[in-house]
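In: Attaching a predicted model along with its sequence, questions to come.
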Number of protein chains: 2
Amino acid sequence: MEFSPTAYVILGMLAWGPRSGYDIKADVDKSVRFFWAASYGQIYPELKRLSEAGLIEGQAQGGRRRTVYRITDLGAEALEAWLTEEPQTFEARDEALLKLFLADAAPETAVASLEAKLRNQEAKLKRLREVEASGDATGFTALVLRYGIESSEWMADWCRREAERLREETA
Amino acid sequence: MEFSPTAYVILGMLAWGPRSGYDIKADVDKSVRFFWAASYGQIYPELKRLSEAGLIEGQAQGGRRRTVYRITDLGAEALEAWLTEEPQTFEARDEALLKLFLADAAPETAVASLEAKLRNQEAKLKRLREVEASGDATGFTALVLRYGIESSEWMADWCRREAERLREETA
DNA sequence: CGATTCATGTAACTTGTTACATGATTAG
DNA sequence: CTAATCATGTAACAAGTTACATGAATCG
């Protein structure tokens, strides 16, 4: 059985400890989502598939109706096997950069695209710094968090620098 | 009529001068593809839609059978209007980073994920430097090319630095 | 008691990739 | 002559988002 990287996001988070689909979505949104987003529309069907394949086990809870999943031995093996495989996907969709790239058709729009990208980087930085301050990230998650913060700082600086330069050139 | 950013990639390239679908695909692959990829399966249908909406015009050529498109006045207007709109999409899918993030389940795989990301950045850098050496990029395309080169250098350095650190820690 | 959050799930849709089919022209 | 490149197109599939439906529990 083949699973998508998104399935391994779920599996990897269940390796940290038992969680519901709802919990996983929340974890995704405050960590991995900047380089691997996932919606409910993916998470719930994927939980079912992983469960059918025996990589995870669900247990219905009392009180508030919810299903808490935990990783099985088979699942832990599958996760480790996947971690040793060569990563394939490296993709980006950056509409601000695209607009800047095509800005020769309307040069006066270039600064605004740079500023939009800057705002985006700053918003991302803000969220990442909150996660850092929370102290939740340890081990490799903390390493990747540092990557997110430092790379965003670099990108924000670049946007600021070039926006400044363009504004001066035009003035 | 609503068009996707991919349609504007096509429109933007036709603003540089007339081209065939095949030409556009080649241009995409050596420029915009690192932050907005497009396949034939998108380009040809999109050319048809743009043509039906009157934003571009196709002209069949003699000799080798091909259709060369050029942007219309309506198309140029649509492109400029789009350039002034706030960019929406900022997404990334980085499987190497994902594996690093989940590496607490198999710490010995972390260095390999970092090295895979490093190889990927270096390959990207190589291609971007070739484009830079070709001198094809001018104006805003050159600015975005510099962004690609400098950000990739930063990321490659980060991977090298952290891979080194991990190797030392383990040793 | 009303708003918010917790919680699960699906259907319709959009986007994009891959693989294939087809065939002409050109370079060696 | 034959391999590569030019060139167009589509069908099947994969992946992912959005919007909606539903309802229980908790907080103020």
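Out: That came in fine, so what should we check first?

In: just checking, residue A:122 touches residue A:156?
Out: Yes - using Cβ atoms under 8 Å, residue A:122 makes contact with residue A:156 at a distance of 5.9 Å. Glycine gets a C-beta too; all of them are placed from N, C-alpha and C.

In: tell me, what residue is most central in chain A?
Out: Closest residue to the average C-alpha location of chain A: residue A:33 at 2.0 Å, with Cα atoms, centre = their mean.

In: would you say that one is within a strand?
Out: No - applying DSSP: H, G, I helix; E, B strand; the rest coil, one finds residue A:33 to be helix, outside a strand.

In: who touches it in this structure?
Out: Going by Cβ atoms under 8 Å, 6 or more residues apart in numbering or on different chains, residue A:33 touches no other residue.

In: Look up which helix or strand residue A:117 falls in, please.
Out: helix A:110-134 (DSSP states H and E).

In: List the contacts of that helix.
Out: Outside helix A:110-134, the residues that reach it (Cβ under 8 Å, 6+ apart) are A:30-31, A:34, A:94, A:96-97, A:99-100, A:103, A:137, A:145, A:148-149, A:152-153, A:155-156, A:159-160, A:162-163, A:166-167, A:170, B:83-84, B:86-87, B:90, B:140.

In: Could you tell me which of these are located in helices?
Out: Mapping the contacts of helix A:110-134 onto helices (DSSP state H) picks out A:96-97, A:99-100, A:145, A:148-149, A:152-153, A:155-156, A:159-160, A:162-163, A:166-167, A:170, B:83-84, B:140.

In: Now, of these, which are buried?
Out: In the ones in helices among the contacts of helix A:110-134, burial by neighbour count holds for A:96-97, A:99-100, A:145, A:148-149, A:152, A:155-156, A:159, A:162-163, A:166, B:83, B:140, counting by 16 or more other Cβ atoms under 10 Å in any protein chain shown.

In: quick one: residue A:81 from residue B:99, how far?
Out: 12 Å (Cβ to Cβ, to the nearest Å).

In: Ignore what I typed, I meant residue A:168.
Out: Distance, residue A:168 to residue B:99, by Cβ to Cβ: 43 Å.

In: now do residue A:8
Out: Relative to residue B:99, and taking Cβ to Cβ, residue A:8 is found at 8 Å.

In: what do you get for residue A:87?
Out: Residue A:87 is 6 Å from residue B:99, by Cβ to Cβ.

In: Pick out the most distant pair among the buried ones among the ones in helices among the contacts of helix A:110-134.
Out: Spatial extent of those (Cβ to Cβ) is set by the pair A:145 and B:83 at 34.2 Å.

In: how about the one residue in chain A that gets nearest to DNA strand D, phi and psi?
Out: Nearest to DNA strand D, among the residues of chain A, is residue A:41, at 2.7 Å (Cβ to the nearest atom of the strand). In terms of degrees, to the nearest 10, the main-chain angles of residue A:41 are phi -60, psi -20.

In: Now do it, the pLDDT please.
Out: Looking at residue A:41, its pLDDT reads 98.

In: what's around it, how many residues?
Out: Other residues near residue A:41 come to 8 when the count uses other Cβ atoms under 10 Å in any protein chain shown.

In: Could you do the one 3 residues further on as well?
Out: Counted by other Cβ under 10 Å, the residues lying close to residue A:44 total 14.

In: Please parse chain A into its domains.
Out: A:5-84, A:95-170 (automatic domain parsing).

In: does stretch A:57-64 come close to DNA strand D?
Out: Yes - on the criterion Cβ under 7 Å from any atom of the strand, stretch A:57-64 is in touch with DNA strand D at A:63-64.

In: what kind of secondary structure is the residue nearest to residue A:28 when sequence neighbours are not counted in?
Out: Here the nearest residue to residue A:28 in space, its sequence neighbours aside, is residue A:38; by Cβ to Cβ, 6 or more residues apart in numbering or on different chains that works out to 5.0 Å. Of the three states, residue A:38 takes coil under three-state DSSP.

In: related to what we said a few turns ago, what do residue A:8 and residue B:99 both touch?
Out: residue A:82.

In: and stretch A:147-162, anywhere near chain B?
Out: Yes - interface with chain B: stretch A:147-162 contributes A:147, A:150-151, A:154-155, A:158, A:162 (Cβ under 8 Å from any Cβ of the partner chain).
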